[in-house]
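Visitor: Mind folding the following:
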Amino acid sequence: MAAASAPWVVAGLPPACQPPGSWPPPVPARCACRRPSASRWPPGSTSVSPSRNRGLSTFRPAAASFRVTASASLPPQADEPCAPTSRVSKKPNKQHHLWIRKDSAGSGKKALRLVNTVSKLPNEKEAVYGALDKWTAFEPEFPTIAAAKALEMLKRQRQWLRIIQVTKWLMSKGQVLTWTTYDTLLLALFMDGRMDEVESIWNNIIQTHTRSVPKRLFSRMILIYDIRHCPDKVLEIFADIEELGVHPDEDTTRRIGRAFAALGQEDKERLVLKKYLKKWKYIHFNGERARVRMGGPLA
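Guide: As a prediction, the model looks like this:
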């Protein structure tokens, strides 16, 4: 009888209604690569182990038999080949987005390369401009920060001719037209002895940017004319300062006073010094910061 040959018999059921075969069903053999190690599952322990498949949870009793609670995701049979496991790795994005690219990245090296390039060139406009065009040929956007750093390096090295060449090339490209660039160009032209170009550029600046010329450029022009012993030119710049309402610094004020004194106008010198010089200044006395009157005994 089928029911008698079974290892178990359900009480209360006739022999014809007994389920055929053995029950519970045999546990399918797991693949060797997924078999847990003996150290992880010591004999005689009872624990619940989460399967690699999220839909499967297995229970390990001490009798080394398994009970599957979710039959839809059974492990592969012994005769089924185990699929090789592969990890999903995210490839790095090597695409450079130009709209979020930082312009200051590597600007110091670019500036140093520009300085080393122009320092070895002959004093010819075509050679210098050709090298500068090659410097920016493969740049996706104009290296503004690198060009400004290169001008500062050339200024520290006192290469006035190279500053003039690089600045005029930048002006022809319409790039780096800042007040610092104009100030560096005026200084380089003055140190190179080109006073006619200094006056031409200054007149162009004062006519184009009348209300926005900074105090720094006025001080630069007064310094240039004071070194050249041109007091009349100093007073012309001072007239523009008075008209535009620019307050000169202390050094520029003393140069203006000396220009009035050189022309024999001592009364105007006193008025200028009284108007623009500070009445008080701060000094350190006995380890403390103290305010004293300008021209006093402690000043």
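Visitor: Surely I283 forms part of a helix?
Guide: No - per DSSP: H, G, I helix; E, B strand; the rest coil, I283 lies outside any helix segment and is strand.
Visitor: Quick check: the gap between it and F238.
Guide: The gap separating I283 from F238 is 29 Å, by CB to CB, to the nearest Å. For the C-beta atoms, the positions are set from N, CA and C on the backbone; glycine is no exception.
Visitor: can you tell me which residues contact I206?
Guide: By CB atoms under 8 Å, 6 or more residues apart in numbering, the contact set of I206 is 213, 240.
Visitor: now it: how far from F218?
Guide: Distance, I206 to F218, by CB to CB: 9 Å.
Visitor: shared neighbours of these two, anything?
Guide: Contacts common to I206 and F218, judged by CB under 8 Å, 6+ apart, are D240.
Visitor: returning to what we had before: tell me which of I283 and F238 has more neighbours.
Guide: Set I283 next to F238 and count neighbours by other CB atoms under 10 Å: F238 wins out with 21 against 11.
Visitor: Where does the more buried one fall, secondary structure wise?
Guide: For F238, the host element (DSSP states H and E) is helix 231-244.
Visitor: Which strands and helices lie in contact with that helix?
Guide: The helices and strands touching helix 231-244, judged by 3 or more CB pairs under 8 Å, 6 or more residues apart in numbering; DSSP states H and E, are helix 215-227, helix 250-262.
Visitor: who touches that helix?
Guide: For helix 231-244, contacts defined as CB under 8 Å, 6+ apart pick out 206, 210-211, 213, 218, 221-222, 225-226, 248, 255-256, 258-260, 262-263, 272.
Visitor: Buried among those residues? Need that as a selection in ChimeraX.
Guide: Listed next is the ChimeraX selection for buried residues among the contacts of helix 231-244, using 16 or more other CB atoms under 10 Å:
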select :206,213,218,221,222,225,226,248,255,256,259,260,262,272
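Visitor: phi, psi of A290?
Guide: With angles defined as degrees, to the nearest 10, A290 sits at phi -120, psi 150.
Visitor: Any figure for the gap between it and K281?
Guide: According to CB to CB, A290 stands 10 Å off from K281.
Visitor: on that earlier part again, among the helices and strands packed on helix 231-244, which is nearest T136?
Guide: Of all the helices and strands packed on helix 231-244, helix 215-227 sits nearest to T136, with 27.3 Å by CB to CB.
Visitor: Need the mean per-residue confidence for that closest one.
Guide: Per-region confidence: helix 215-227 scores 94 on mean pLDDT.
Visitor: So the chain: which segments form each domain?
Guide: Using automatic domain parsing, the domain parsing of the chain gives 111-213, 214-299.
Visitor: ok, the residue nearest to W135 when sequence neighbours are not counted - how many residues close by?
Guide: Nearest in space to W135, with sequence neighbours left out and distances taken as CB to CB, 6 or more residues apart in numbering, is L114 at 5.6 Å. Around L114 there are 24 other residues, counting by other CB under 10 Å.
Visitor: Now do the helix or strand where L114 lies: everything it contacts.
Guide: Secondary-structure assignment from DSSP H and E places L114 in helix 107-119. Applying CB under 8 Å, 6+ apart, the set of residues contacting helix 107-119 from outside is 128, 131-132, 135, 143, 145-147, 149-150, 153-154, 157, 159, 162, 165-166.
Visitor: And the helices in this structure?
Guide: Using DSSP state H, the helices of the chain run over residues 2-5, 107-119, 125-135, 144-156, 160-173, 179-191, 195-208, 215-227, 231-244, 250-262, 266-276.
Visitor: could those helices go into JSON lines alongside distance to M294?
Guide: Output for the helices of the chain, formatted as JSON lines (distance: least, CB to CB, whole Å):
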{"stretch": "helix 2-5", "distance to M294": "121"}
{"stretch": "helix 107-119", "distance to M294": "42"}
{"stretch": "helix 125-135", "distance to M294": "49"}
{"stretch": "helix 144-156", "distance to M294": "33"}
{"stretch": "helix 160-173", "distance to M294": "36"}
{"stretch": "helix 179-191", "distance to M294": "28"}
{"stretch": "helix 195-208", "distance to M294": "31"}
{"stretch": "helix 215-227", "distance to M294": "20"}
{"stretch": "helix 231-244", "distance to M294": "21"}
{"stretch": "helix 250-262", "distance to M294": "9"}
{"stretch": "helix 266-276", "distance to M294": "10"}
